[in-house]
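Peer 1: Okay, predicted coordinates and the sequence, questions at the end:
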Amino acid sequence: MQQRKFLARSRKALIKHGIIGSRAKALLEEWNDHLESEVEKLVAGGQDRESSYQAACKSLGEPESLVDSAAKQLAMESWQGRNPVLSSGILSLVVFILGILVMVAGGSLLKAYFDYLSPEMIKHLVTLIDTLPWLLCLGWLAYHARKMPLGWKGLWFVTVFTAIIPSFLGFTCDSPNRTMTVFMAFLPIGSISKFIITFGLTSFFWWFQTRNKKLEDESHLVS
Amino acid sequence: MLDIPLSSRYQTEMKKELFIDGVPELLLLRLLAQNEMYGYELVAKIHSISDGAFRFGEGCIYPILHRLVGDRCLSIRKETVSGRPRRYYRLMAKGNKRLSQLEESWSKVSAGISKFGKDIIHATA
């Protein structure tokens, strides 16, 4: 019971820090094995099982501080973790600039093959190029969701960035003159759907990772 | 005023890694160079060999082990013991290289510190 509570609290603390998926599972399995091994040692030394569990949990410390130090260690191990402002802020800006470059490159390609494309095809390609910076930012967001280098704070920061910043970029094509334009302006029509999709994806991910069922279910860890 | 060359002033090579962060890694690699071990075994060994001088938090040891596995310095073997999963760690060639690097750097630091012995402290007092 003691151990179950300990692991449940550890898991909650891990999720709170944004340590999820296989990384969280591996840590929980290690701590569980650590607890059990300590208990086995104490029981072999003549202590009863219940007090051995209590002593083993006590020796590991409070689950929250245990997770705290694990989170600090994990953050220290990545460049992003060591430079949170630089990586979140400046790299997001780099992604934004890349978005502009991708649009310019896409526009140049479209211009080069303009004669070989049907008006319908050009229309679709213009929409695609217009959406490219947002797709690029979604990739950046997916990376954060996969690695969680900066925990939930970092993920929500990138979500806000992905939902808002690419909306300032646009791409148009004036077919008769073959003029391609990359512009920066806020167009609410396209932005609202991007905003809803981006926040919807992150909210779903957050809900999936923090839902109650997952927090309480430790049966796979307890022998 | 001390005349320290600019390049030396900003050397980052021996920064934090050696003094604090590099120690648990060095000890883990050294222990694993002898034998394949699992997490609890490593933590207990560090504690007992150092006579309790080193008691790294379990919160810090396991992420380091997992990172070393990710860096291909260690290999991992999973086994079920008394119904629970256990990970055994083994040193790989890259880990051996990393151990040599850490040992070399650590001996430099250690030699440097030893120069600040009692004699110097007395002389400067």
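Peer 2: Right, received. Where do you want to start?
Peer 1: helix or strand for the residue nearest the centre of chain B, which one?
Peer 2: In chain B, the residue lying closest to the centroid (Cα atoms, centre = their mean) is residue B:26, at 2.2 Å. For residue B:26, the host element (DSSP states H and E) is helix B:22-34.
Peer 1: which parts of that helix are buried?
Peer 2: Judged by neighbour count using 16 or more other Cβ atoms under 10 Å in any protein chain shown, the buried positions of helix B:22-34 are B:22, B:23, B:24, B:25, B:26, B:27, B:28, B:29, B:30, B:31, B:32. In this view, the C-beta of every residue, glycine as well, is placed from N, C-alpha and C.
Peer 1: Among those, find me the one that's closest to residue B:70.
Peer 2: Closest approach to residue B:70 among the buried residues of helix B:22-34 (Cβ to Cβ): residue B:25, at 13.1 Å.
Peer 1: Nearest residue to the closest one in space, please, no chain neighbours.
Peer 2: Spatial nearest neighbour of residue B:25, excluding adjacent residues (Cβ to Cβ, 6 or more residues apart in numbering or on different chains): residue B:64 at 5.7 Å.
Peer 1: ok, now residue A:59?
Peer 2: Nearest to residue A:59 is residue A:38, by Cβ to Cβ, 6+ apart, at 6.3 Å.
Peer 1: what does residue A:209 give?
Peer 2: Residue A:209's closest residue in space is residue A:20 (Cβ to Cβ, 6+ apart), at 4.9 Å.
Peer 1: where does the one you found fall, phi/psi-wise?
Peer 2: phi -130, psi 180 (degrees, to the nearest 10).
Peer 1: Hmm, it is touching residue A:148, no?
Peer 2: Yes: using Cβ atoms under 8 Å, residue A:20 makes contact with residue A:148 at a distance of 6.5 Å.
Peer 1: between the helix or strand containing residue B:109 and helix B:22-34, how many degrees?
Peer 2: In the assignment (DSSP H and E), residue B:109 maps to helix B:93-114. With axes from the mean of the first three to the mean of the last three Cα atoms, to 10 degrees applied, the angle from helix B:93-114 to helix B:22-34 works out at 130 degrees.
Peer 1: which residues of chain A score low on pLDDT?
Peer 2: A:1, A:212-223 (pLDDT under 70).
Peer 1: Now do the strands in it.
Peer 2: Using DSSP state E, the strands assigned to chain A run over residues A:169-174, A:179-184.
Peer 1: From the geometric centre of chain A, which residue sits farthest away?
Peer 2: Residue farthest from the centre of chain A, counting by Cα atoms, centre = their mean, is residue A:46 at 46.9 Å.
Peer 1: Spatially, what comes nearest to the residue nearest to the centre of chain B if we skip its sequence neighbours?
Peer 2: Using Cβ to Cβ, 6+ apart, the closest residue to residue B:26 is residue B:102 (4.5 Å).
Peer 1: and which of the buried residues of helix B:22-34 is nearest chain A?
Peer 2: Nearest to chain A out of the buried residues of helix B:22-34 is residue B:24 (Cβ to the nearest Cβ; 9.2 Å).
Peer 1: and the closest one, what pLDDT?
Peer 2: pLDDT, residue B:24: 88.
Peer 1: Would you confirm that it contacts residue B:55?
Peer 2: No: using Cβ under 8 Å, residue B:24 is not in contact with residue B:55, being 10.7 Å away.
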